[in-house]
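J.: build me a model from this:
(4 chains)
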Protein chains: 4
Amino acid sequence: MSALWPYVTPGIPDHLFERLPGIPLSQREVRLLLLGYLRLRADSVLWDIGAGTGTIAVEAGLLCRQGKVIAVERDPEVAQLIQTNCDRFELTNIEVTVGSAPDCLSQLPESPDCVLIEGGRSFKEILQSIWKRLLPDGRIVVTVGSLKGLYAVSEAFAELQVRNIEVAQPAVNRLETRGNQQFFAAIDPIFVLSGDKLG
Amino acid sequence: MSALWPYVTPGIPDHLFERLPGIPLSQREVRLLLLGYLRLRADSVLWDIGAGTGTIAVEAGLLCRQGKVIAVERDPEVAQLIQTNCDRFELTNIEVTVGSAPDCLSQLPESPDCVLIEGGRSFKEILQSIWKRLLPDGRIVVTVGSLKGLYAVSEAFAELQVRNIEVAQPAVNRLETRGNQQFFAAIDPIFVLSGDKLG
Amino acid sequence: MSALWPYVTPGIPDHLFERLPGIPLSQREVRLLLLGYLRLRADSVLWDIGAGTGTIAVEAGLLCRQGKVIAVERDPEVAQLIQTNCDRFELTNIEVTVGSAPDCLSQLPESPDCVLIEGGRSFKEILQSIWKRLLPDGRIVVTVGSLKGLYAVSEAFAELQVRNIEVAQPAVNRLETRGNQQFFAAIDPIFVLSGDKLG
Amino acid sequence: MSALWPYVTPGIPDHLFERLPGIPLSQREVRLLLLGYLRLRADSVLWDIGAGTGTIAVEAGLLCRQGKVIAVERDPEVAQLIQTNCDRFELTNIEVTVGSAPDCLSQLPESPDCVLIEGGRSFKEILQSIWKRLLPDGRIVVTVGSLKGLYAVSEAFAELQVRNIEVAQPAVNRLETRGNQQFFAAIDPIFVLSGDKLG
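T.: Below you'll find the predicted structure:
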């Protein structure tokens, strides 16, 4: 139980995370959807590829108390940021790995039952590498912001015969304060593709 | 642990719930956001006012293992539907109460630390009744689909001095299959207002 | 000048059109965007492929006073509906053609400088046929509701070397009255792809 | 006919306007909707209150060839920007007035049959002033980005007995290029309220 987040529901406010300029952060509303699509168990092993600020890693670490999160991040400074955020939430079940997917994936010690890919470029190669390691009945969730990425993931899902494919496009508006007025601001829409590996 | 949903993350697919024609169901994506805004603890007491199909009650019951959900529903037949859904998910910590808010609220046995109001009409009276019973540091979350409701809740929140008010408008698009094609369908946008009671 | 619509701006309310059950109608807000992307001149020749209720044909006919709209529709009964709507707005510069794209396209008498494709299946074949007939500096606008359609049109645009490609996804919410309350209802999102033929 | 925009449809691309940093510009997709709701005639007199970059004034000036646009703008430097954009599009039927609404409104020479209010603060006072000058059968369209503004305009519309009130919330996503990738970006949602004055 984290003193900073003593709840059983995910949805940590964005401002509770340490941030670095330019490093993407999955906004709370998007994070809630991603965690829902991931369908974690208390003992799940989650690979978080392109973990960025580490918000998903932290939320998943809090939920998977008997499980583990392996957060993969290319940039050592960003990896340090993820570690800082894990420490803020007193998490010891998150392993931060500096490396570049897909190359580093074969080195990861434990096979996952859930994988999240947040953005990236070589979707096809990454998905092929992951698919071999994903345990039976495993879940895969991918976020893409670009149309090209949407095509690539959609094609790769078909080739890998991912089951129960779902595509959602969350487009949450949030009331934000600017000056002494409140305006609705849009969260830039991403596409979330998810599916299962046959058991 | 439910055999039907052995996960620590919410987000039960809509089709796993028993339904009745005409009875509203909070769609999965909206539910994920609502549960996130509710900020439940393992021992939370949640009042679910206007519980409809019971999807939130079920999800919250699964998360608050040492807590309790009191689901309030006006229509006895719909209350039976909620009970059926609780039974499907083997939940024993949900109490379904037939009654009409705000009248029935003073009779509810336990004071809540979280309250969800899904739709409804007499928002102001309901919010005033609830506010008296809501425990210190309690959370309140209200969904409204109408502009009139948005005004009423917003004004009532100001009068009750609700803290940390947030307003979000989820507008998720989902890829749905019609015939042998897949189309993006919009989930009708609702407004979600949430806030805290001072400790 | 039509007695029913004496304005220089498009945006005829949906209820001013005659309708048939099951026949799609481009809702006003979507129509406003489509006409904007079409970039019509007073003397434009527009091909409207899959014209449905004929709302775009009518709006374009009102705008292109020295031009012409050729509305192509497979179903004779729907073609009659388009004609009825043209008569309502006193339009004489719209030619309704019963036929199935791409087969019927080679028979069309005049080459277009603007083409709108609303929905459909054999996007690639239709686009190839149209591209040959589209005049230099011509505009092409395609609406797709399915992900498959989005891929197909996007690929075809690349193969045909369409210039200045734009993709937009309008997702307008409208306040609608149900009973004595007003709710925000979402217009199902479509993708609008548009671009130019090199002069 | 403008050499820069020889079309009968509105929807001038944003980049064709001269801009100043910090001065708001109604994006093309929003502009298309606003012009549609305004329902202009060839001889309309439009008051454009808070005209900003002047994009609506330019589009309306192009459409209302026998009419006139009176663009009201508080900041003299911004008023100059509007004039520059009018000159770019060779428009002579736009009158740019430096002044602050509602005070300056009583001085405006011609009564309008269409009024657009883009943002602002004292909505009620402005609307009351305008309502007295608006011609019978006149149209009024207001854009608001804040929840407070939405309430204020909605209440003022009710008090003034505006007819045929419509509320829409356009939320267009546009594919934008960043680096060598294309991402969907959301246009921040605004509310557009429109209605008629009884004839």
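
J.: going forward, measure contacts and count neighbours with C-alpha atoms only.
T.: Will do.

J.: just the helices in chain A please.
T.: A:28-38, A:55-63, A:76-88, A:123-133, A:147-159 (DSSP state H).

J.: among those, which is nearest chain C?
T.: Within the helices of chain A, the stretch nearest chain C is helix A:147-159; the backing value is 7.1 Å (CA to the nearest CA).

J.: quick check: buried residues in that closest one?
T.: Neighbour-count burial for helix A:147-159, with 16 or more other CA atoms under 10 Å in any protein chain shown as criterion, is recorded at A:147, A:148, A:149, A:150, A:151, A:152, A:153, A:154, A:156, A:157.

J.: does that helix come close to chain B?
T.: No: for helix A:147-159 and chain B, the contact criterion (CA under 8 Å from any CA of the partner chain) is not met; the two come no nearer than 12.3 Å.

J.: before we move on, what about stretch A:96-113?
T.: No: residues of stretch A:96-113 contacting chain B under CA under 8 Å from any CA: none, with a closest distance of 12.3 Å.

J.: ok now that stretch, how far from the chain's centre?
T.: Taking the mean C-alpha point of stretch A:96-113 and that of its whole chain, the gap between them comes to 14 Å (CA atoms, centre = their mean, to the nearest Å).

J.: and the buried residues of helix A:147-159, which is closest to chain D?
T.: Each of those was checked against chain D using CA to the nearest CA; the closest is residue A:147, at 6.3 Å.

J.: near chain C, from the buried residues of helix A:147-159?
T.: Of the entries in the buried residues of helix A:147-159, those that also sit close to chain C under the rule CA under 8 Å from any CA are residue A:151.

J.: lowest-confidence entry in the buried residues of helix A:147-159?
T.: For the buried residues of helix A:147-159, the least confidently modelled position is residue A:147, at 77, judged by pLDDT.

J.: got the contact list for that residue?
T.: For residue A:147, the residues meeting the contact criterion (CA atoms under 8 Å, 6 or more residues apart in numbering or on different chains) are D:175, D:182, D:183, D:184.

J.: select, from these, the two members most distant in space.
T.: Pairwise distances among the contacts of residue A:147 were taken by CA to CA; the largest, 6.9 Å, belongs to D:182 and D:184.

J.: mind putting the contacts of residue A:147 into a markdown table with pLDDT, distance to chain B and neighbour count?
T.: Converted to a markdown table, the contacts of residue A:147 look like this (pLDDT from 0 to 100; distance: CA to the nearest CA, whole Å; neighbours: other CA atoms under 10 Å in any protein chain shown):
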| residue | pLDDT | distance to chain B | neighbour count |
| --- | --- | --- | --- |
| D:175 | 77 | 16 | 20 |
| D:182 | 70 | 19 | 17 |
| D:183 | 76 | 17 | 22 |
| D:184 | 77 | 14 | 22 |
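
J.: circling back to that earlier point, which neighbours do residue D:182 and residue D:184 share?
T.: A:145, A:146, A:147, D:175, D:176.

J.: let's have these in a markdown table, adding distance to residue B:90.
T.: Output for the shared contacts of residue D:182 and residue D:184, formatted as a markdown table (distance: CA to CA, whole Å):
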| residue | distance to residue B:90 |
| --- | --- |
| A:145 | 39 |
| A:146 | 42 |
| A:147 | 42 |
| D:175 | 46 |
| D:176 | 48 |
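
J.: return the member of these nearest to residue B:53.
T.: When the shared contacts of residue D:182 and residue D:184 are compared for distance to residue B:53 (CA to CA), residue A:145 comes out closest, at 33.9 Å.

J.: report pLDDT for the residue lying farthest from the centre of chain A.
T.: Most distant from the centre of chain A: residue A:180, at 34.3 Å, with distances by CA atoms, centre = their mean. Predicted confidence (pLDDT) for residue A:180: 70.

J.: what residues does chain A put near chain B?
T.: So chain A meets chain B at A:6-11, A:29, A:32-33, A:35-42, A:63-64, A:166-175 (CA under 8 Å from any CA).

J.: buried subset of the residues you listed?
T.: Among the residues of chain A next to chain B, the ones that count as buried by 16+ other CA under 10 Å are A:7-11, A:29, A:32-33, A:35-42, A:63-64, A:167-175.

J.: list the contacts for residue A:100?
T.: Shown here is residue A:100, whose contacts under the criterion CA under 8 Å, 6+ apart are A:72, A:73, A:74.

J.: can you list the residues of chain A near chain D?
T.: By CA under 8 Å from any CA, the part of chain A that sits against chain D consists of A:145-148, A:173, A:175, A:181-190.

J.: out of the contacts of residue A:100, which is nearest to residue A:107?
T.: Out of the contacts of residue A:100, the member with the shortest distance to residue A:107 (by CA to CA) is residue A:72, at 11.3 Å.

J.: ok, the closest one to residue B:6 distance?
T.: As for residue A:72, its distance to residue B:6 is 27 Å (criterion: CA to CA, to the nearest Å).

J.: do the same with residue A:107
T.: Using CA to CA, one obtains 30 Å as the distance from residue A:107 to residue B:6.

J.: repeat for residue A:132
T.: Using CA to CA, we find residue A:132 at a distance of 25 Å from residue B:6.

J.: residue A:103: neighbouring residues, count only.
T.: If you count neighbours by other CA atoms under 10 Å in any protein chain shown, residue A:103 ends up with 11.

J.: ah, wrong one, I meant residue A:162
T.: 18.

J.: quick one, phi psi at it?
T.: In this entry, residue A:162 is assigned phi and psi values of phi -60, psi 140 (degrees, to the nearest 10).
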